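Peer 1: I would like to see how this sequence folds:
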Amino acid sequence: MTETAPLDIQTPRVFAPLLQPARYKGVWGGRGSGKSHFFAEYLVAQAMMRPGLRAVCIREIQKSLNMSVKQLVTDKIMAHGLADKFELLDKEIRTPGDGVIIFQGMQNHTADSIKSLEGFDVAWVEEAQSLSAHSLKLLRPTIRKRGSEIWFSWNPSHAEDPV
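Peer 2: Numbers count the residues shown, from 1 in each chain. Alright, predicted model coming up:
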């Protein structure tokens with residue numbers, strides 16, 4: 001799991017700006033717009049290009065891994081023939097260079113419990129329209145490693161949603 005190389009992914013033009021480094025990245029659209037597939041594939045590519053990458057995939061409420069994007073990320077790893085580069089475990093995915101991708105819900109986090117995410121490179125908030133203002137307030141200062149990014153993907157719901 002140590003040898004890495006850039007992953008050649010086909011990026012639709014609408015997502016091209018998201019390939020540049022930025023503290024916050026966001027993409028919204030209806031079901032079937034490709035936003036979750038883009039971020040899942042981009043996360044796999046980042047893990048290949050940045051050995052040791054630590055990422056967390058978040059939803060406001062996640063009662064089980066079945067409610068996470070874990071299967072989608074796993075599918076992208078398999079589709080690119082990278083199963084030998086990643087360790088696909090029950091609750092997490094080990095990435096090249098001893099990195100990790102974990103999957104969590106935000107609903108029950110406190111200011112103390114979320115400290116476990118300090119030092120992470122990427123936080124991807126899926127279904128971000130459901131993220132509470134409280135969760136966003138906890139998340140933003142926690143993912144603060146130099147060069148870290150917070151990605152949001154969502155289906156627009158209400159103008160007053162925090163994301």
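Peer 1: so how far is Pro156 from Ser33?
Peer 2: According to CB to CB, to the nearest Å, Ser33 and Pro156 sit 11 Å apart. C-betas here are computed from N, CA, C, even on glycine.
Peer 1: For the two, indicate the residue with more neighbours.
Peer 2: Ser33 (15 against 11; other CB atoms under 10 Å).
Peer 1: how about Glu127, what does it touch?
Peer 2: Counting by CB atoms under 8 Å, 6 or more residues apart in numbering, Glu127 touches Arg59, Glu60, Ser153, Trp154, Asn155.
Peer 1: residue contacts, the first one?
Peer 2: So the one you mean is Arg59. Met67, Ser68, Gly105, Met106, Val125, Glu126, Glu127, Ser130.
Peer 1: Pick out the residue nearest the middle of this structure.
Peer 2: Closest to where the C-alpha atoms of the chain average out (CA atoms, centre = their mean) is Trp124, at 3.0 Å.
Peer 1: what about the strands in the protein?
Peer 2: Along the chain, the segments classed as strands by DSSP state E run 24-28, 54-59, 87-88, 92-95, 99-105, 122-126, 149-154.
Peer 1: Mark which of the contacts of Arg59 are buried, thanks.
Peer 2: Burial by neighbour count, judged by 16 or more other CB atoms under 10 Å, picks out Ser68, Gly105, Met106, Val125, Glu126, Glu127, Ser130 from the contacts of Arg59.
Peer 1: and of the residues you listed, the nearest to Phe15?
Peer 2: The shortest approach to Phe15 among these belongs to Glu126, at 15.3 Å (CB to CB).
Peer 1: For that closest one, which residues count as its bridge partners?
Peer 2: Ser153 (DSSP bridges).
Peer 1: hang on, Thr11 packs against His37?
Peer 2: No - using CB atoms under 8 Å as the test, Thr11 is too far from His37 to be in contact (10.9 Å).
Peer 1: for the helix ranked longest in the chain, packing partners?
Peer 2: In terms of residue count, the longest helix belonging to the chain (DSSP state H) is helix 35-49. Judged by 3 or more CB pairs under 8 Å, 6 or more residues apart in numbering; DSSP states H and E, helix 35-49 is in contact with strand 24-28, strand 54-59, helix 70-79, strand 99-105, strand 122-126, strand 149-154.
Peer 1: Buried ones in it, by neighbour count?
Peer 2: 35-48.
Peer 1: With pLDDT added, can I get the residues you listed in CSV?
Peer 2: Below are those laid out as CSV (pLDDT from 0 to 100):
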residue, pLDDT
Lys35, 93
Ser36, 93
His37, 93
Phe38, 95
Phe39, 96
Ala40, 96
Glu41, 95
Tyr42, 96
Leu43, 97
Val44, 97
Ala45, 96
Gln46, 97
Ala47, 97
Met48, 96
